[in-house]
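K.L.:
attaching a predicted model along with its sequence, questions to come.
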Amino acid sequence: MSRLIVVSNRVPDPTRGPPAGGLAVALNSALKKAGGVWIGWSGKSSGSDEPGPLKFVERGEITFGLADLSRRDLSEYYKGFANSVLWPLCHYRLDLTEYARKDMAGYFRVNRFFAERLRGLIQPGDLVWIHDYHLIPMASELRRLGIRNRIGFFMHIPWPSPDVFFTLPVHEAIISGLTAYDVVGFQTAYDVENFALALKREGIGGDLGGGWMAAHGRRFRASAFPIGIDVGEFAVMARGAVRNRAVKRTAVSFSGRDLIIGVDRLDYSKGLTHRMDGFEQFLVANPAWRGRTTLLQVSPKSRSDVPGYTTMQRQVAEHAGRVNGAMGTLDWTPIRYINQSVGRSTLAGLYRIARVGLVTPLRDGMNLVAKEFVAAQNPADPGVLVLSRFAGAARELDSALLVNPYDIEAIGNAIARALAMPLEERIERFTAMMTRLEQNDISKWCADFLAALEPDQHDSPELLTA
Ligand code: GDG
């Protein structure tokens with residue numbers, strides 16, 4: 001088995017025990033199996049104009065290498081190009097992209113910084129796996145430094161349609177960055193199609209079929225690898241978590257009212273104001289439900305220092321306040337809005353006691369909350385998932401109640417339908433979704449990607465002769 005080198009923007013702090021959360025756990029176990037190195041940003045600022053050195057921590061078979069970034073890196077690479085250009089662009093929010101050449105230069109500088117530090121750590125035969133939109137140019141930077149190993153990339157967020165992507169002034173540099181990999185993984189077949197179409201419209205390549213693409217005279221693999229969760233572990237955690245004190249106290253506090261749950265990082269892609277409007281619409285159209293159900297929205301703050309997020313955070317809070325003011329009564333608050341993170345097992349227990357999971361992002365690469373909600377249900381009496389058709393998860397979880405998150409009335413109707421759904425239909429939908437989740441869990445995702453990245457004896461040489 002080849003040794004594995006992972007690079008991601010954030011790396012779980014190895015000094016704080018085993019990582020939590022699906023992705024970190026899966027990568028950790030792949031690294032443990034194969035042995036390897038995990039490189040990325042520590043999450044901290046060096047406090048000066050220069051990034052800090054890579055600091056290494058050994059944990060069993062894994063070497064973690066974390067670097068503090070400079071103030072300038074944080075402003076240009078992280079807050080700037082990654083989160084004020086690529087993130088809104090890939091989520092179809094052209095109105096929020098704040099393109100600046102200086103930030104683009106900072107983005108390439110940080111990629112070069114990590115590539116230069118990685119170079120000396122890579123041994124012949126190692127597989128290199130780069131994660132997400134922060135690090136698209138890593139392969140071309142590594143190639144420039146003479147690295148010939150197999151390098152793969154996984155895009156966790158959507159790849160937008162070419163019309164949206166081409167609004168980026170430097171789209172050529174970004175797309176060329178991607179075509180330097182041996183394997184490019186996307187969440188869904190839609191993302192793959194959008195990417196192939198961008199190559200074609202640019203006149204630099206296109207889809208060869210069978211999971212192969214060509215660009216700039218070289219061919220590489222590009223396919224969908226829908227990310228999953230650790231289904232078994234999450235189901236067991238949820239079953240146990242209903243005995244958890246916080247979950248029990250929360251259940252009692254709802255005084256027998258049916259619980260609808262939403263869990264999202266506080267981000268504009270998650271459609272929170274539309275969701276609250278949909279819930280209000282449901283209460284207006286179904287007055288008999290007033291006082292009998294509560295929407296619990298758990299939304300830990302995220303990227304509060306990125307421009308645009310503060311305004312959005314205020315708008316979401318105002319929305320919750322407005323609905324509560326208009327619809328609430330002396331003894332009932334329709335929306336309980338929590339701006340803090342809750343523990344993972346408490347979260348699993350809350351999913352399990354909820355009648356409805358409301359997952360209505362305006363756009364999402366995959367959305368793991370939808371998968372966690374399903375995995376957490378009691379198979380004998382499952383809750384119902386209401387899911388945005390614009391979440392990658394909708395491709396697999398098509399037995400959820402799929403909604404257009406921009407259609408407020410459709411959200412309201414789906415909530416009403418979910419709350420009234422007979423047990424037999426709930427079990428049927430749950431079983432279909434759970435089967436899909438079990439077939440494609442997080443370890444399968446990891447294994448599939450790494451199998452595509454392993455050198456294949458039967459592959460023809462990467463250079464096209466035509
Ligand atoms: C990106 C893509 C893609 C949330 N609140 C709490 C909490 N969470 C956990 C959830 C879930 C995770 O955070 C969120 O994952 P998502 O997939 O829903 O969304 P993003 O953070 O935007 O992730 C996305 C993903 O990458 C993976 O490829 O699916 O499309 O945008 O696990 O449970 N966890 C705890 N407390 C909280 O309050 N413990």
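P.N.:
Alright, I've got the coordinates.
K.L.:
number of residues surrounding the closest residue to the ligand within the stretch 51-200 of the chain?
P.N.:
Nearest residue of the stretch 51-200 of the chain to the ligand (CB to the nearest ligand atom) works out as His156 at 3.6 Å. Any C-beta I mention is one placed from the backbone N, CA and C, and that applies to glycine too. Using other CB atoms under 10 Å, His156 has 19 other residues around it.
K.L.:
likewise for the one 5 residues further on?
P.N.:
Ser161 has 14 neighbours, counted by other CB under 10 Å.
K.L.:
quick check: closest non-adjacent residue to it.
P.N.:
Asn194 (5.2 Å; CB to CB, 6 or more residues apart in numbering).
K.L.:
settle this for me: that neighbour is touching Phe166, isn't it.
P.N.:
No. Counting by CB atoms under 8 Å, Asn194 does not reach Phe166; the two are 11.4 Å apart.
K.L.:
who has more neighbours, those two?
P.N.:
For Asn194 versus Phe166, the count of surrounding residues by other CB under 10 Å is larger for Asn194: 19 against 15.
K.L.:
who's in contact with Val128?
P.N.:
Val128 sits next to 5, 7, 118, 122, 142, 147, 149-152 when contact means CB atoms under 8 Å, 6 or more residues apart in numbering.
K.L.:
now, those residues that are in strands?
P.N.:
Counted as lying in strands by DSSP state E, out of the contacts of Val128, are 5, 7, 150-152.
K.L.:
most widely separated two among those residues?
P.N.:
Val7 and Arg150 (13.9 Å; CB to CB).
K.L.:
out of those two, which sits in the busier spot?
P.N.:
Neighbour tally, Val7 and Arg150, criterion other CB under 10 Å: the higher count belongs to Val7, 27 against 18.
K.L.:
correct me, but that one touches Asp132?
P.N.:
No. In terms of CB under 8 Å, Val7 does not count as a neighbour of Asp132; the distance is 9.7 Å.
K.L.:
now do the strands in the stretch 201-350 of the chain.
P.N.:
Under the criterion DSSP state E, counting those that start in this stretch, the stretch 201-350 of the chain contains strands at 205-209, 212-215, 218-224, 258-263, 293-298, 335-338.
K.L.:
domain-wise, how is the chain divided?
P.N.:
Under automatic domain parsing, the residue ranges defining each domain of the chain are 4-228+444-453, 231-438.
K.L.:
any chance of those domains in TSV, with mean pLDDT too?
P.N.:
Compiled in TSV, these are given as follows (pLDDT from 0 to 100):
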stretch	mean pLDDT
domain 4-228+444-453	93
domain 231-438	96
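K.L.:
quick check: residues of the stretch 151-300 of the chain near the ligand?
P.N.:
156-157, 227, 263, 265, 298, 300 (CB under 6 Å from any ligand atom).
K.L.:
still on that earlier bit, what strand or helix carries the residue nearest to Ser161?
P.N.:
helix 189-202 (DSSP states H and E).
K.L.:
excluding its backbone neighbours, what's nearest Leu259?
P.N.:
Ala354 (4.4 Å).
K.L.:
and the gap between Asn11 and Tyr181?
P.N.:
Check again: residue 11 is Val, not Asn. According to CB to CB, to the nearest Å, Val11 and Tyr181 sit 20 Å apart.
K.L.:
rewinding a little: of the strands of the stretch 201-350 of the chain, which is nearest Phe430?
P.N.:
Of all those, strand 258-263 comes closest under CB to CB, at 15.5 Å.
K.L.:
from what I see, Glu116 and Leu145 are in contact.
P.N.:
Yes. Glu116 sits in contact with Leu145 when judged by CB under 8 Å, with a separation of 6.8 Å.
K.L.:
related to what we said a few turns ago, in CSV: the strands of the stretch 201-350 of the chain, plus mean neighbour count and distance to His274.
P.N.:
Below are those laid out as CSV (neighbours: other CB atoms under 10 Å; distance: least, CB to CB, whole Å):
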stretch, mean neighbour count, distance to His274
strand 205-209, 15, 34
strand 212-215, 20, 35
strand 218-224, 19, 27
strand 258-263, 23, 11
strand 293-298, 22, 12
strand 335-338, 18, 14
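K.L.:
give me every residue that touches the most far-flung residue of the chain relative to its centre.
P.N.:
Going by CA atoms, centre = their mean, the residue of the chain most distant from its centre is Leu330, 38.7 Å out. Applying CB under 8 Å, 6+ apart to Leu330 gives no contacts.
K.L.:
can you list phi and psi of it for me?
P.N.:
With angles defined as degrees, to the nearest 10, Leu330 sits at phi -60, psi -40.
K.L.:
ok, now how distant is it from Gly291?
P.N.:
For Leu330 relative to Gly291 (CB to CB), the value is 10 Å.
K.L.:
what's near enough to touch the residue nearest to Leu259?
P.N.:
Contacts of Ala354 (CB under 8 Å, 6+ apart): 259-261, 296, 373, 383.
K.L.:
try 6 Å
P.N.:
Applying CB atoms under 6 Å, 6 or more residues apart in numbering to Ala354 gives the contacts 259, 261, 383.
K.L.:
just give the nearest non-adjacent residue to Ile427, would you?
P.N.:
With CB to CB, 6+ apart as the criterion, Ile427 has its nearest non-adjacent residue at 6.4 Å, and that residue is Pro382.
K.L.:
where's the residue of the stretch 51-200 of the chain closest to the ligand, which helix or strand?
P.N.:
Judged by DSSP H and E, His156 forms part of no helix or strand.
K.L.:
buried sites along stretch 136-146?
P.N.:
For stretch 136-146, a neighbour-count test (16 or more other CB atoms under 10 Å) marks 136-142 as buried.
K.L.:
mind putting those into TSV with secondary structure and distance to Arg314?
P.N.:
Output for the buried residues of stretch 136-146, formatted as TSV (DSSP: H, G, I helix; E, B strand; the rest coil; distance: CB to CB, whole Å):
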residue	secondary structure	distance to Arg314
Ile136	coil	32
Pro137	coil	35
Met138	helix	36
Ala139	helix	40
Ser140	helix	40
Glu141	helix	39
Leu142	helix	42
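K.L.:
which parts of the stretch 1-150 of the chain are strands?
P.N.:
Going by DSSP E, counting those that start in this stretch, the stretch 1-150 of the chain shows strands at 4-10, 36-45, 55-59, 62-69, 127-131, 150-154.
K.L.:
just these: most buried one?
P.N.:
Greatest average neighbour count among the strands of the stretch 1-150 of the chain goes to strand 127-131 (a mean of 25), per mean count of other CB atoms under 10 Å.
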